[in-house]
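could you look at this predicted model? Sequence included:
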Amino acid sequence: MIELYAFACGVRELPEDCGAVQLGAVTAVVGDVRGDAMRHGLIVQALVDTADAVLPARFCERFDDAAALAASVAPRLRELESRLAAVDGCVELAVRVGRPDRPRAEDGGAYMRARLREANAASALHALLQEQARATVVTESPLLHDACYLVDRCAVDEFARTVAAYGDAHPELNLVCTGPWAPASFAEAA
Amino acid sequence: MTALAEQVTLVELVDRVLHKGVVIAGDVTLSVAGVDLVYVGLRVLLASVATLEEAR
C-alpha cells in the first residue's frame, strides 16, 4: 500500500524516502504508509522548494499500489492539471486577525463603534492584500479575519512587508501571517 | 522564531494536511494488529479543535 502526499509539476528533486508516479504531466508524490500527519506536512513543505507547482493531498489518501492510484486519479487528471496550472509559481500565505483586547466599553454605542472600527480595519487589510494575490480563500471563523492568499513566489516579500506595515499602523489588531505554505487551500477551489 | 511561534506553525502544518488538500479516495480503514476495526469517512474521523468547538 502507498500513501499519497501531493500532486506536483516541474519536480526537480523528490523529498527523502518518497517516490513518484507519473500521470501524464502530473507527478504524484508517494511513499510508504506511515500514518504520520506531521511527516506528511513536512514532505509537502519540502516540495514547495523543489517543484514549480504543488497541490497537497489530504492526509490518509492511501492506495493499494501505483496502478490503483493511477486508476483513481484518471477521471480527474484534466482537472488536476488545470488546478496545478492555477497555482504554478505560487505559494500560500495565511493571514489571521484576532479580536483586540479592548477595555470594557462605557456603553453599548461605544462597544458597537469599537467593533465597527475593528471590522473596517480588517476589511481594509484584506482589500490591500487581495491586490497582491492571484486568488483568495476567506474562512468563516470567530476571528476578525481569517484568509489564505495565493501569492507569486516573487511577491512573497512584498506581501509580508505589507502585512507588517499594516500591523505597525494598527497595533490594536492581533495580526498573524504564516507561510509560505504549499497552496492547500486552493487544491479544491480552482 | 520564538518557541510559541514554532509551536503555532507546527500545529498549522498538521491542521492543513488534515483539513485541506486534494481528496481522491477520502476513506480510511482503522486497524489494530492487522484486524480492521472501523471503516469510516476520513472527514468524520479527523477533526481539528476548531471543528470540535463548532460542534459544541
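On my side now, so go ahead.

so what are the domain limits for chain A?
Here the domain parsing of chain A from automatic domain parsing is A:2-87, A:90-186.

deepest of those, which one?
Most buried of those by mean neighbour count (mean count of other CB atoms under 10 Å in any protein chain shown) is domain A:2-87; its value is a mean of 18. (Each C-beta comes from the backbone N, C-alpha and C, glycine too.)

and A:Asp49, how far from B:Leu18?
22 Å (CB to CB, to the nearest Å).

then A:Phe59?
Distance of A:Phe59 to B:Leu18, given as CB to CB: 5 Å.

only alpha carbons, please: show the longest helix belonging to chain A as CSV.
Identified as the longest helix of chain A according to DSSP state H is helix A:108-130. Extracted in CSV, the C-alpha atoms of helix A:108-130 (Å, rounded to 0.1, in the frame of the first residue of the first chain):
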residue,chain,number,x,y,z
GLY,A,108,-23.5,49.8,24.0
GLY,A,109,-22.9,52.5,21.4
ALA,A,110,-19.2,52.7,22.3
TYR,A,111,-18.9,49.0,22.1
MET,A,112,-20.6,48.8,18.6
ARG,A,113,-18.4,51.7,17.3
ALA,A,114,-15.3,49.8,18.5
ARG,A,115,-16.5,46.6,16.8
LEU,A,116,-17.1,48.5,13.6
ARG,A,117,-13.7,50.1,13.6
GLU,A,118,-12.1,46.7,14.1
ALA,A,119,-14.1,45.2,11.3
ASN,A,120,-13.3,48.1,8.9
ALA,A,121,-9.6,47.8,9.7
ALA,A,122,-9.7,44.0,8.9
SER,A,123,-11.6,44.6,5.7
ALA,A,124,-9.1,47.3,4.6
LEU,A,125,-6.2,44.9,5.2
HIS,A,126,-8.0,42.2,3.2
ALA,A,127,-8.6,44.7,0.3
LEU,A,128,-4.9,45.6,0.4
LEU,A,129,-3.7,42.0,0.3
GLN,A,130,-6.2,40.9,-2.3
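
beyond that helix, next helix or strand please.
Next helix or strand after helix A:108-130 toward the C-terminus (DSSP states H and E): strand A:135-138.

who does that next one pair up with?
Looking at strand A:135-138 with DSSP bridges, its partner strands are strand A:145-152 (antiparallel).

alpha carbons only: can I get the strand it pairs with in CSV?
Provided in CSV are the C-alpha atoms of strand A:145-152 (Å, rounded to 0.1, in the frame of the first residue of the first chain):
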residue,chain,number,x,y,z
HIS,A,145,-10.3,38.0,9.6
ASP,A,146,-9.1,34.6,8.5
ALA,A,147,-7.9,34.2,4.9
CYS,A,148,-5.4,32.4,2.7
TYR,A,149,-3.8,34.2,-0.2
LEU,A,150,-2.3,32.6,-3.3
VAL,A,151,0.8,34.7,-3.9
ASP,A,152,3.5,34.6,-6.6
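
the following helix or strand past that strand near chain B at all?
Per DSSP H and E, the first helix or strand lying C-terminal to strand A:145-152 is helix A:156-169. No - using CB under 8 Å from any CB of the partner chain, helix A:156-169 stays clear of chain B, with a minimum separation of 14.0 Å.

and the angle for helix A:156-169 with helix A:108-130?
Going by axes from the mean of the first three to the mean of the last three CA atoms, to 10 degrees, helix A:156-169 is angled at 160 degrees with respect to helix A:108-130.

tell me what helix A:156-169 is packed against?
Using 3 or more CB pairs under 8 Å, 6 or more residues apart in numbering or on different chains; DSSP states H and E as the contact criterion, the elements in contact with helix A:156-169 are strand A:90-98, helix A:108-130, strand A:174-181.
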